[in-house]
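Enquirer: Below is the sequence, then the predicted model.
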Amino acid sequence: MKNELRLLTSLAGPFPAFDVDLTPDEPRELFSDWLRDAIAAGIKEPHAMVLSTVDESGVPDARVLILKNLDHRGWHFATTGNGPKGRQIAQNPTVALTFYWPALGRQVRLRGMALQAEVHECDADFRARAPGAKAVAMVGRQSEVMGSRQELHDALALQSRRLQQEPDLVSPSWALFIVMPHDVEFWQGDSERRHHRLRYKREKAGWIKEQLWP
């Protein structure tokens, strides 16, 4: 496997130029620009991100989710509140988010606190989901051991019928979280490994910007 991996190319480029002196004073604006660049470049699922949490034993956990929104409060994602992610956040709300757009050689890392949104926002997010996604959330058994696929089919059929009968039904465990970062790092890759790293750190007076060594 080592030889096979050695043959794979990485950071081949060409990549966009990155001028730190032209970056905005706060990270949300730069992130929005980079996300729009990823969308314009045709990158599949540019809103996909890795959410990292810590479990009750202090062991890190990570999985890919979808960014649902970005506003003045922070980065939004949704999940079943009684699943592993929700339980871990309830115990330790410190989380990390990672975005990676390989075609552009760009990565963004955030660390901060995940706070649950208001009930009406959670409900609105659930109602906006596709019918199949609603049924899965209504089953509410995320990450539990499953005996057979038939169990899943039966549970989904039951919840689908409930949702057809009650279109405004909302899963009581559905949660929308907002990550309020205390630091955000933008990484622009370089084919010669002279990467650009720009970190925003939140201070009492606002955000400060720092360039980091590759």
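Expert: All right, it came through fine. Owing to the predicted nature of the structure, the values given are computational and were not obtained by experimental measurement.
Enquirer: following the longest strand belonging to the chain, which helix or strand shows up next?
Expert: As assigned by DSSP state E, the longest strand anywhere in the chain is strand 174-188. Per DSSP states H and E, the first helix or strand lying C-terminal to strand 174-188 is strand 196-203.
Enquirer: what mean pLDDT does that next one have?
Expert: Within the predicted structure, the mean pLDDT of strand 196-203 is 97.
Enquirer: Which parts of the chain are strands?
Expert: Secondary structure of the chain by DSSP E: the strands cover 48-54, 60-66, 69-71, 74-80, 94-101, 106-116, 174-188, 196-203, 206-212.
Enquirer: Val64 pairs with what?
Expert: Using DSSP bridges, the bridge partners assigned to Val64 are Val50.
Enquirer: per-residue pLDDT, it?
Expert: Looking at Val64, its pLDDT stands at 98.
Enquirer: going forward, begin numbering at 21 instead of 1
Expert: Taking 21 as the first residue, the last one we looked at is Val84.
Enquirer: where's Asp57 relative to Phe97, distance?
Expert: Here Asp57 is placed at a distance of 21 Å from Phe97 (C-beta to C-beta, to the nearest Å). The C-beta positions use only the backbone N, C-alpha and C, and glycine is treated the same way.
Enquirer: Looking at those two, which is more packed in?
Expert: Here Asp57 and Phe97 are compared on neighbour count by other C-beta atoms under 10 Å; more neighbours surround Phe97, at 22 against 16.
Enquirer: I'd like to check which residues are in contact with Ser72.
Expert: Pro80, Asp81, Ala82, Val115, Ala116, Leu117, Thr118 (C-beta atoms under 8 Å, 6 or more residues apart in numbering).
Enquirer: actually Leu71, sorry about that
Expert: In this structure, Leu71 makes contact with Ala82, Arg83, Val84, Leu85, Phe97, Lys105, Val115, Ala116, Leu117, judged by C-beta under 8 Å, 6+ apart.
Enquirer: my guess is Met158 meets Arg182, correct?
Expert: Yes: in terms of C-beta atoms under 8 Å, Met158 counts as a neighbour of Arg182; the distance is 6.8 Å.
Enquirer: Name the residues contacting each of the two.
Expert: A shared contact of Met158 and Arg182, defined by C-beta under 8 Å, 6+ apart, is any residue touching both; here these are Leu189.
Enquirer: Those two - which one has more neighbours?
Expert: Neighbours per residue, other C-beta under 10 Å: of Met158 and Arg182, the larger number sits with Met158, 22 against 13.
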